[in-house]
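Chemist: have a look at this prediction, sequence included:
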Amino acid sequence: FAARSGALTVSAASTPAHAWPMPRTPPGTTGRIPGGSGPSNPPPDLDALVDATPASRDRVVDLLRAASIGIVVLWHWALAVTHWRADGALTMANPVDDVPGLWTATWVLQVMPMFFFVGGYANLAGWHAVTRGGGGAGSFVRGRMGRLLAPLIPWLGCWLVVDLAWQAAGGRSVLDWGLVVFVPLWFLGVYAGVVVAVPVTAGLHARWRWRVLAGLGAGIVAADAARLGLDVSGPTVGLVGSGLVWLFCHQLGYFWRDGTLVAGGRRRANAVTIAGVTALVALTTVGPYPRSMVAVRGEDVSNMFPTTACIAALAVFQLGLVLRLRPQLEAWLQRRGPWRAVVAANGVAMPVFCWHMTALVVFVGIYERAGFTLADEPSADWWLARPAWVIGPGMLLAGVVAALMRLGRSGGGPGRRAARRSARSFAS
């Protein structure tokens with residue numbers, strides 16, 4: 001998914017520690033890098049990618065990338081009270097306010113901060129690979145944006161065709177009833193912003209290191225103080241504060257990538273964990289912030305929109321937990337079965353993220369056609385139905401991803417390129 005780990009290359013001498021070396025070209029083939037056109041140049045085989053894993057690769061990064069996307073998808077499907085509002089629009093409220101203590105789960109399951117610090121690790125690796133090869137900011141941003149945005153082409157194209165056809169038949173536009181379909185766009189937009197900033201933030205990290213984090217943290221506190229303490233109106237302060245939070249989360253990954261955090265061992269991991277959880281407890285107890293790390297109905301302040309200092313503290317806490325568990329996870333991922341599953345999951349992560357809300361909307365239609373009614377509260381019946389809201393959308397999504405992969409193998413213009421890039425996403 002979106003956070004790439006290095007440059008795709010076939011040269012062992014130029015392969016960065018977190019790049020993905022491709023299998024050697026068999027005699028008699030074209031020798032082109034997988035992903036180009038032509039029948040003799042198919043995407044790399046899953047087992048070939050598994051076998052090509054360099055010993056220096058931090059496999060935990062790849063596990064967290066796949067896990068974070070999986071958690072987001074499952075939360076949207078199973079832990080959202082999906083129902084129709086009075087105005088006919090589909091909405092997805094969280095049940096956190098209805099279940100005592102459920103807010104504690106959001107301190108682990110709100111994984112957007114995790115995805116950003118994993119992205120920081122991967123993007124710093126990619127930036128170093130580009131600069132070692134003589135490239136600069138332009139080539140880095142073009143490469144990353146191409147890989148990040150290409151899978152959106154078939155998704156947006158399908159929705160444009162369906163929406164126009166639906167309106168021609170007398171129906172309402174998806175913009176009127178189904179904006180939840182476009183949930184992936186806000187996240188991809190924010191992530192694209194931090195990727196574009198990598199040439200600057202990587203340079204600042206190399207020169208100023210911890211002072212960059214301190215500066216970002218001070219900016220976050222100032223933005224929150226202006227908005228929540230001084231009641232400064234308008235969207236500007238909230239947008240600036242949100243941007244600083246996600247840059248902060250991304251910047252944390254640089255310290256993982258450069259070895260600073262790993263070199264500190266368990267003692268440093270414990271210190272990071274304690275610092276993060278202490279900040280979270282203080283902010284949500286003394287400060288004006290809610291305890292839930294996801295938006296909750298009826299609360300005046302959300303930690304996500306605009307993004308607050310709590311999400312920055314959550315990133316520190318989650319990073320500390322990851323560092324504490326990293327030795328055990330790394331040992332587990334040395335086994336072929338778990339590692340193969342991680343490789344496979346990363347290969348389809350971007351299509352899964354783009355299409356998971358579409359699968360949910362289609363399942364809503366099937367569910368209602370079958371005679372069931374969408375619940376607007378997390379009742380006992382709602383909880384009992386949760387497995388169906390994983391299996392149903394999951395089957396639909398599996399069909400979409402399989403179709404995209406077949407399209408990628410058989411050709412087909414933009415669809416082919418998007419599918420190939422999705423299949424290669426783990427490779428870089």
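Modeler: Cool, the structure landed.
Chemist: do you have the strands of the stretch 1-150 of the chain handy? List them.
Modeler: Taking DSSP state E, counting those that start in this stretch as the test, the strands found in the stretch 1-150 of the chain are 81-84, 90-93.
Chemist: those strands into JSON lines, with extra columns for mean neighbour count and distance to Phe115?
Modeler: For glycine as for every other residue, the C-beta is placed from the backbone atoms N, C-alpha and C. What follows is the strands of the stretch 1-150 of the chain, written out as JSON lines (neighbours: other Cβ atoms under 10 Å; distance: least, Cβ to Cβ, whole Å):
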{"stretch": "strand 81-84", "mean neighbour count": "18", "distance to Phe115": "23"}
{"stretch": "strand 90-93", "mean neighbour count": "18", "distance to Phe115": "19"}
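Chemist: output the ones you listed in TSV, with mean pLDDT appended to each entry.
Modeler: Shown next, in TSV, are the strands of the stretch 1-150 of the chain (pLDDT from 0 to 100):
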stretch	mean pLDDT
strand 81-84	94
strand 90-93	92
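Chemist: redo those strands as JSON lines? Include distance to Phe255.
Modeler: Formatted as JSON lines, the strands of the stretch 1-150 of the chain follow (distance: least, Cβ to Cβ, whole Å):
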{"stretch": "strand 81-84", "distance to Phe255": "38"}
{"stretch": "strand 90-93", "distance to Phe255": "35"}
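Chemist: quote the end-to-end distance of stretch 178-188.
Modeler: Taking Cα to Cα, to the nearest Å, stretch 178-188 runs 18 Å from one end to the other.
Chemist: got it, and stretch 330-338?
Modeler: 11 Å.
Chemist: out of the strands of the stretch 1-150 of the chain, which is closest to Leu160?
Modeler: Across these, Leu160 has its closest neighbour in strand 90-93 (18.8 Å, Cβ to Cβ).
Chemist: how far is the closest one from where the chain is centred?
Modeler: In this view, strand 90-93 has its centroid 21 Å away from the chain centroid, taken as Cα atoms, centre = their mean, to the nearest Å.
Chemist: returning to what we had before: for the strands of the stretch 1-150 of the chain, which one sits closest to Thr278?
Modeler: Across those, closest to Thr278 is strand 90-93 (Cβ to Cβ), at 30.6 Å.
Chemist: how about the contacts made by Tyr289?
Modeler: 283, 301, 303, 308-310 (Cβ atoms under 8 Å, 6 or more residues apart in numbering).
Chemist: among those residues, which one lies nearest to Pro95?
Modeler: Closest approach between these and Pro95, by Cβ to Cβ: Asn303, at 16.7 Å.
Chemist: just the pLDDT at that closest one, thanks.
Modeler: Looking at Asn303, its pLDDT reads 95.
Chemist: same check on Asn94?
Modeler: pLDDT recorded at Asn94 is 88.
Chemist: Ser14 too?
Modeler: At Ser14, pLDDT is 34.
Chemist: can you check the one 5 residues further on too?
Modeler: With respect to pLDDT, Ala19 scores 47.
Chemist: no further queries at this time; thank you.
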